[in-house]
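> Dropping the sequence and predicted coords here.
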Amino acid sequence: MRSRSAPWVLLAPFLVVFIGTMIVPIVMAIGYSFSSVERSGLLGEGGLTNSFAGFENYVKALSNANFVESIGRMVLFGIVQVTVMIVAATVLALLLETANAKWPGFFRATYFLPYGIPGVIATILWSFLYIPGLSPIVDVLGWVGLEIDFLGPNMVLWSIANIVTWTYTGYNMLIIIAQLKAIPGELYEAAKIDGASGFKVAMAIQLPLIRPALMLTIIFSIIGTLQLFAEPRLMQTMSAGITSEYTPNMSAYAFAFQYNDVGMAAAQAVIIAVSAFLLSAVALGISSWTEKRR
Amino acid sequence: MTTSNDTQHRQDPVAGRRKASPARAREGDGRAGTRDAGRKPTTTILVTAILAVVAIYFLVPVYWVVINATKSTEDLFGTSGFWFGESFQLWENIKAVLSANGGIFPRWAVNSVLYAGVGSVLATYFAVAAGYALAKYRFPGRRFVYVLVLGGVLVPGTAVALPLFFLFSSIGITNTYWSVLIPSLVSPFGLFLASIYASAAVPDELLEAGRIDGVGELGLFHRLALPQLTPAIVTIVLFQFVAIWNNYMLPLVMLADEKLYPITLGLDNWRAQTDRLPEFYQLTTGGALLSVIPLAILILVLQRFWRGGLTEGSIKG
């Protein structure tokens, strides 16, 4: 085999599956999002015809109060949950990397453990911990006099946030630890000679140097927020607060399979994908801009 | 590492790889030894206490499922969730889980292993071959492929699931093993990891020497490059395995037949019946325990490898 065709032979299996399962569906989704299905005849007995609808589906999606509300809900969720999670992951990573922490290997493994538990199982376990009568946590809070309805309409968003935080904090912590380990030892020695406290070392040396890892974890977390589907969908049967259009993804799913409005579902999927793409691009841009300024 | 500051480090994949290699991770816990001097007993107690309290938070659901899988349905509601009930019937519960609906649970487990096992191995092979090709050959169209795949990484998987369903239903393969397996064969993230790793770990001189000895191009990849790429391969297999195992939306969209379900979808099915039939609480709890244990062990045993893989990821940032 000539080396000119060699790279394409090696690329071929990946590209075939990649194009077939990502590029073609995305192109199809864009196509669907610009078309509308017309049912001719009173009861649709005249068959279906596809017609070009322009931006009609997008206008409908963005003027659909439930969809806009679901986006707002995810923005709120993202601001609170991603912040809490990244701060927790950073603090845990810094604590584990101080010489003062005992058994760091054990704690690291414990915090990372939830990442290996599928979101569905994690949601089932936590939802049992939210159900009054089944949950020891509700019991304990009751003894102290706290009556918290974890599945109530106002609370359930934060109960979901707790499940997501529980699952991914350890994963993000490991990314940050990996970057902390790359900080050269001389910097610590220099700081020691200057008499810097542990807190000072964290603020002046460690935090600035782990910025790339923080950026990466934040981007992944934001994309994760946009994709939120399994946790709220599973808890839908338990909480009256969760509608079938609770998150943007659930909304697209509902329009595709419950309301049979493929054009609308496709438009919503495209909006989600483009938002994720833009957010990551902006975050990457900010990240490289701040790196250049240093 | 003694020579690089942070900025250099990110531009130097070799340094990142050295840091990430499992061999390095095995040397103790790897914390900077120079910092041991400032250790104060009060600070140690305080820090360890905080870490322990946080550990309780991460262990509570796991502890709950272990304890409550041993209970009867009455005890599940009648006794404290933090301690064992009146009767200890773990084995009866597990037997019930394994035999319910004519032994559907073992079948779900086999399906999960099939989807995640076959999917992750093939996806890794494809991603490593493609990543190696992008790293080691200069050819027209290379940049285009790179940008195309980068776009693929940034588009959320769940946004593709719906259009993928329409595509698969138009060719008639929804509700088959293929409908879940085929989309699992692609790992754009794995391709990036492999190409970063290959450009650092596979020297051009090695490939040239192989060519002079008359080894074909595919032989160069399989016999010379693949052994050098082992750490990256382990990482990609693990990431892909967990990603497929945890996937919920794709099988939910694709599958209608309960017999084709992976474990996650099956357990959700059981949990949905707890409203009407309380004994399904026990089945769901037992099933959750059975499906958590193998993965928990896997995570604990392999976390050193994972750490290596996560470091590779941070280079991209």
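On my side now, so go ahead.

> Would you tell me what helix or strand the most centrally placed residue in chain A is located in?
For chain A, residue A:224 is the residue whose C-alpha lies nearest the centre (C-alpha atoms, centre = their mean; 1.3 Å). Secondary structure assignment for residue A:224, by DSSP states H and E: helix A:211-226.

> What is that helix packed up against?
Helix A:211-226 makes packing contacts with helix A:65-97, helix A:156-180, helix A:262-293, helix B:279-316 when contacts are defined by 3 or more C-beta pairs under 8 Å, 6 or more residues apart in numbering or on different chains; DSSP states H and E. The C-beta positions use only the backbone N, C-alpha and C, and glycine is treated the same way.

> And the contacts of it?
Residues outside helix A:211-226 that contact it (C-beta atoms under 8 Å, 6 or more residues apart in numbering or on different chains) are A:74, A:77-78, A:81-82, A:85-86, A:89-90, A:164, A:168, A:172, A:175-176, A:178-179, A:248-249, A:272, A:275-276, A:279-280, A:283-284, A:286-287, A:290-291, B:6, B:10, B:154, B:156, B:313-314, B:316-317.

> Would you tell me what the next helix or strand after it is?
Toward the C-terminus, helix A:211-226 is succeeded by helix A:230-235 as the next helix or strand (DSSP H and E).

> hmm, that following helix in reach of chain B?
Yes: applying C-beta under 8 Å from any C-beta of the partner chain, one finds helix A:230-235 touching chain B at A:230, A:234.

> distance between that helix and the chain's centre?
Counting by C-alpha atoms, centre = their mean, to the nearest Å, helix A:230-235 is centred 14 Å from the centre of its parent chain.

> Mind listing what's buried along the helix or strand just after it?
Counting by DSSP H and E, the element after helix A:230-235 in chain order, helix or strand, is helix A:248-257. Neighbour counts over helix A:248-257 (16 or more other C-beta atoms under 10 Å in any protein chain shown) mark A:248-256 as buried.

> Which of these sits closest to residue A:119?
Of all these, residue A:249 has the smallest distance to residue A:119: 12.8 Å, by C-beta to C-beta.

> mind listing what the closest one touches?
Taking C-beta under 8 Å, 6+ apart, we find residue A:249 in contact with A:226-229, A:272, B:158-159, B:249.

> Could you single out the nearest of those residues to residue B:176?
Out of the contacts of residue A:249, the member with the shortest distance to residue B:176 (by C-beta to C-beta) is residue B:249, at 17.5 Å.

> Now do that closest one, the pLDDT please.
You'll see residue B:249 listed with a pLDDT of 91.

> I'd guessed it sits against residue B:158; true?
Yes: using C-beta atoms under 8 Å, residue B:249 is in contact with residue B:158, at 5.1 Å.

> Overlap of the contact sets of those two?
Shared contacts of residue B:249 and residue B:158 (C-beta under 8 Å, 6+ apart): A:229, A:249.

> quick one: which of these two has more around it?
Using other C-beta atoms under 10 Å in any protein chain shown, the more surrounded residue of residue B:249 and residue B:158 is residue B:158, with 26 against 20.

> Tell me, how many residues neighbour the closest residue to that one other than its chain neighbours?
Spatial nearest neighbour of residue B:158, chain neighbours left out: residue A:227 (4.5 Å); criterion: C-beta to C-beta, 6 or more residues apart in numbering or on different chains. Counted by other C-beta under 10 Å, the residues lying close to residue A:227 total 21.

> do the same with residue B:181
Neighbours of residue B:181 (other C-beta under 10 Å): 16.

> One more: the one 10 residues further on?
By other C-beta under 10 Å, 31 other residues sit near residue B:191.

> just to revisit the earlier point, and the least confident of the contacts of residue A:249?
Lowest pLDDT of the contacts of residue A:249: residue B:158, 70.

> Next up, identify which helix or strand that residue is on.
Taking DSSP H and E as the criterion, residue B:158 maps to helix B:157-170.

> Give me the distance from stretch B:140-150 to the chain's centre.
26 Å.

> Could you do stretch A:123-140 as well?
24 Å.

> Against residue A:112, how distant is the residue nearest to the centre of chain A?
Residue A:224 sits 17 Å away from residue A:112, going by C-beta to C-beta, to the nearest Å.

> Please consider this matter closed, and thank you.
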